[in-house]
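S.K.: Let's see this in three dimensions:
(chains A and B)
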Amino acid sequence: MTDQLRSLLHQAVPDDAPALDPHQVAGAARRARRRARVGAAGLAAGVVAAGAITTAVVSGGGEDRVAEDPVADPYAAPACPAVLPEPSGAATGTGSLEGLTSVRLCPDLAASGEVPPEAEQRAILDGMDALVGDLDGFADRVAAIEPFDSMRCAAISVLPTRQSLQLSFDDGRTELVPTMACSPIDVAGRGVDGQYLADAYLAALDAQRDANPTTRAYDGPLDCSPVPVATPARPGRERIVAAVGCRGEEPPVALTGSTLGRLQEAWSDPRPLQTCTLIDHGIRVVAATDRGDVVTLSGNGCQTFDWTTVDPADSVDVPVTSADLGLTP
Amino acid sequence: MREAVPVLSGQDEATGDGTSGPTFEGYVAARSPALWRSAWLLTGDRHRAEDLVQTALLKCWRRWDRIDPASVEAYVRRTMVTTYTDWWRRRWNGEVPTEVLPEAAGAGPDPGVRQDVLAALASLPRGQRAVVVLRYFDDLTEAQTAASLGISIGTVKSQAARALRTLRTSGLLEDTDD
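M.R.: So this is what the prediction gives:
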């Protein structure tokens, strides 16, 4: 069978594999390095040094290798305020994004109508990472947002939320801008939708998590009704560090030891969404990651779990069965 | 799949004493076609394959002087597979080809085989797909595959076994005694 597989793989691969130009590849790498150093020089003035990791200095003969820039700590950016302004009283814009040193999402922990216990609030907020790298890239994403569309907003209804982005600058200022959908926010003279500001932030944070290895695990309580907080977490990257299983209205069941290990293994190796008969047994898993997220996986008709996002194209199946986790209906 | 731990040496860059590894440019010239073929099996698309190889090589360039010369190939492959498994972005989803790929009509044998192989590989989780490509296309041993992916040999065996079961069920492979 394996010989058969070898033969099929070799038959399938095109004969005309392209050869990369090695000098072009090396040149592209040097240019990428120079762009990264220019971006980090702007960051250096405002970086909080606590917990920063410095990588080795390398000097190579004949190559323009230089010291690697210190990795900023995304958990050390200024904290969100204790109270977020109501939508009616929130700022309606900010000026230029020049001089940004960090951007942090401040979630509306009471958006569902219930305020979580103090310990849970602290655990959520302390565990959230902020954008501290490639802030020029974030500014570029914001500049690319389409102008605010009042016609689109006239046709939809919006749940109010006080969720905001906190912008910190190198002159010591911090500003809060709301990210509620259909709230027009003026950024450097351009009106954009607050929701798309949040999207730009999450995309930038997603890219930062790929580049910045700093982690801080969520260590707060887990229950079956977690506070929904926007996150760029996705199967295959973050590690699951704790989880509870939930069946209907029953109390949460902690998943530990080899069970937690099976969940982490499946989370790290997702597969495309599976097509099965939709039977909702009311089983789900609420898990904490090593980046401070709390995520929810929903049981599906295939007896495994779905990780669903706003865009169905990004949704995946986490291939561990509810039976493997001891969560039979 | 876990982020791989790079194999690094603390030695200074070798200067022609017989134990130095290939130069970056020399490696790219010699190996990029082979890397592209593996990348094509992983991604199912010519342009994505080229992007994947290029991105992996750009990452490796930064650390080239510190890579153990005896482990260059494993290091580059690990970087490529890690990049591939990290590419959970919108533009990399929808990997099952629903139309005939442009290259299916071009160079190479039976386009039906190509479509069948790509569809079968797309049904595998990314980790299993990477093991299949390294073990059965690149013909790496279990130990070499484990080193390339930064996983244990036991995990390579179990991933391979699960992948073969799935490929047999998919109809791509016939049940034989081998």
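S.K.: Any regions of the stretch 51-200 of chain A where pLDDT drops low?
M.R.: Scanning the stretch 51-200 of chain A for pLDDT under 70 picks out A:51-71.
S.K.: try 80
M.R.: By pLDDT under 80, the low-scoring segments of the stretch 51-200 of chain A are A:51-71, A:88, A:111-114, A:155-159.
S.K.: now the strands for the stretch 201-329 of chain A?
M.R.: Ranges of strands within the stretch 201-329 of chain A are A:240-247, A:253-255, A:271-272, A:283-289, A:294-299, A:305-307, A:316-318, based on DSSP state E, counting those that start in this stretch.
S.K.: what's the second one in contact with?
M.R.: What it means is strand A:253-255. Identification of contacts with strand A:253-255 by Cβ atoms under 8 Å, 6 or more residues apart in numbering or on different chains yields A:Ala242, A:Ala243, A:Val244, A:Gly245, A:Cys246, A:Arg247, A:Leu263, A:Val285, A:Leu325, A:Gly326, A:Leu327. Bear in mind the C-beta positions are built from the backbone N, C-alpha and C, glycine included.
S.K.: Can you tell me the element residue 145 falls in?
M.R.: I went with chain A, as the question did not name one. Under the criterion DSSP states H and E, no helix or strand holds A:Ile145.
S.K.: I was after chain B.
M.R.: Going by DSSP H and E, B:Thr145 is part of helix B:142-149.
S.K.: What is that helix packed up against?
M.R.: Taking 3 or more Cβ pairs under 8 Å, 6 or more residues apart in numbering or on different chains; DSSP states H and E as contact, the helices and strands that helix B:142-149 lies on are helix B:72-86, helix B:126-132, helix B:153-169.
S.K.: Most tightly packed of those?
M.R.: Mean neighbour count (mean count of other Cβ atoms under 10 Å in any protein chain shown) peaks for helix B:126-132 among the helices and strands packed on helix B:142-149, with a mean of 26.
S.K.: By mean pLDDT, which helix or strand of chain B comes out lowest?
M.R.: When each helix and strand of chain B is scored by mean pLDDT, DSSP states H and E, helix B:72-86 comes last, with a mean of 82.
S.K.: Could I get the full set of helices for the stretch 101-250 of chain A?
M.R.: For the stretch 101-250 of chain A, the helices defined by DSSP state H, counting those that start in this stretch cover A:118-127, A:135-143, A:150-154, A:194-211.
S.K.: and the first one, what does it pack onto?
M.R.: Translated: helix A:118-127. If you count contacts as 3+ Cβ pairs under 8 Å, 6+ apart, helix A:118-127 packs onto no helix or strand.
S.K.: what residues are up against the residue positioned nearest the centre of chain A?
M.R.: Centroid-nearest residue in chain A, with Cα atoms, centre = their mean: A:Pro232, separated by 1.8 Å. If a contact means Cβ under 8 Å, 6+ apart, then A:Pro232 has A:Leu202, A:Ala203, A:Leu205, A:Asp206, A:Arg209 as its contacts.
S.K.: any idea which of those is closest to chain B?
M.R.: Within the contacts of A:Pro232, proximity to chain B (Cβ to the nearest Cβ) peaks at A:Asp206, which comes in at 8.0 Å.
S.K.: Can you give me the neighbour number for the closest one?
M.R.: The burial count assigned to A:Asp206 is 17, neighbours taken as other Cβ atoms under 10 Å in any protein chain shown.
S.K.: Next one: it from A:Gln264, what distance?
M.R.: Distance, A:Asp206 to A:Gln264, by Cβ to Cβ, to the nearest Å: 20 Å.
S.K.: Likewise for A:Gly245?
M.R.: Here the criterion is Cβ to Cβ. By it, A:Gly245 lies 14 Å from A:Gln264.
S.K.: ditto for A:Ala200
M.R.: A:Ala200 sits 30 Å away from A:Gln264, going by Cβ to Cβ.
S.K.: Could you do A:Pro117 as well?
M.R.: A:Pro117 sits 27 Å away from A:Gln264, going by Cβ to Cβ.
S.K.: Give the burial count for the closest residue in space to A:Ala200 that isn't next to it in sequence, as a bare number.
M.R.: In space, and not counting its chain neighbours, A:Ala200 is closest to A:Arg141: 4.0 Å by Cβ to Cβ, 6 or more residues apart in numbering or on different chains. Around A:Arg141 there are 18 other residues, counting by other Cβ under 10 Å.
S.K.: same check, this time on the one 4 residues further on
M.R.: A count of nearby residues for A:Ile145, using other Cβ under 10 Å, gives 18.
S.K.: Then A:Ser7?
M.R.: 12.
S.K.: returning to that earlier point: so what's the nearest residue to the residue nearest to the centre of chain A once chain neighbours are set aside scoring on pLDDT?
M.R.: In space, and not counting its chain neighbours, A:Pro232 is closest to A:Asp206: 3.6 Å by Cβ to Cβ, 6+ apart. A:Asp206 carries a pLDDT value of 90.
S.K.: again, but for the one 3 residues further on
M.R.: At A:Arg209, the pLDDT value in this model is 89.
S.K.: from what I can see it touches A:Arg237, true?
M.R.: Yes - counting by Cβ atoms under 8 Å, A:Arg209 sits close enough to A:Arg237 to count as a contact (6.6 Å).
S.K.: Buried residues in the helix holding B:Thr145, which are they?
M.R.: By neighbour count, and taking 16 or more other Cβ atoms under 10 Å in any protein chain shown as the criterion, the buried residues in helix B:142-149 are B:Glu142, B:Gln144, B:Thr145, B:Ala146, B:Ala147, B:Ser148, B:Leu149.
S.K.: coming back round to it: so which of A:Ala200 and A:Gln264 has more stuff around it?
M.R.: For A:Ala200 against A:Gln264, the residue with the higher neighbour count under other Cβ under 10 Å is A:Ala200, and the figures read 25 against 20.
S.K.: Enumerate every residue touching the more buried one.
M.R.: A:Phe138, A:Arg141, A:Val142, A:Ala144, A:Ile145.
S.K.: give the contact list for the second one.
M.R.: By that I understand A:Arg141. A:Ala200, A:Ala203, A:Ala204.
S.K.: okay, stretch B:58-67 in PDB with CA atoms only?
M.R.: Output for stretch B:58-67, consisting of C-alpha atoms alone and laid out as PDB, is shown next (Å, rounded to 0.1, in the frame of the first residue of the first chain):
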ATOM      1  CA  LEU B  58      13.200  33.900   3.900                       C
ATOM      2  CA  LYS B  59      12.800  32.800   7.500                       C
ATOM      3  CA  CYS B  60      15.800  30.500   7.300                       C
ATOM      4  CA  TRP B  61      18.000  33.200   5.700                       C
ATOM      5  CA  ARG B  62      18.000  35.100   9.100                       C
ATOM      6  CA  ARG B  63      19.500  32.100  10.900                       C
ATOM      7  CA  TRP B  64      21.500  30.500   8.200                       C
ATOM      8  CA  ASP B  65      24.900  31.000   9.900                       C
ATOM      9  CA  ARG B  66      23.600  29.300  13.000                       C
ATOM     10  CA  ILE B  67      22.000  26.200  11.500                       C
END
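S.K.: For it, the averaged confidence score.
M.R.: Confidence over stretch B:58-67 (mean pLDDT, whole number) is 83.
S.K.: Is chain A within reach of that stretch?
M.R.: Yes - under the criterion of Cβ under 8 Å from any Cβ of the partner chain, chain A is reached by stretch B:58-67 at B:Leu58, B:Trp61, B:Arg62, B:Asp65, B:Arg66.
S.K.: For PyMOL, write the select line for the buried members of these.
M.R.: Entered in PyMOL, the line below selects the buried ones among the residues of stretch B:58-67 next to chain A, by 16+ other Cβ under 10 Å:
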select buried, chain B and resi 58+61+62+65+66
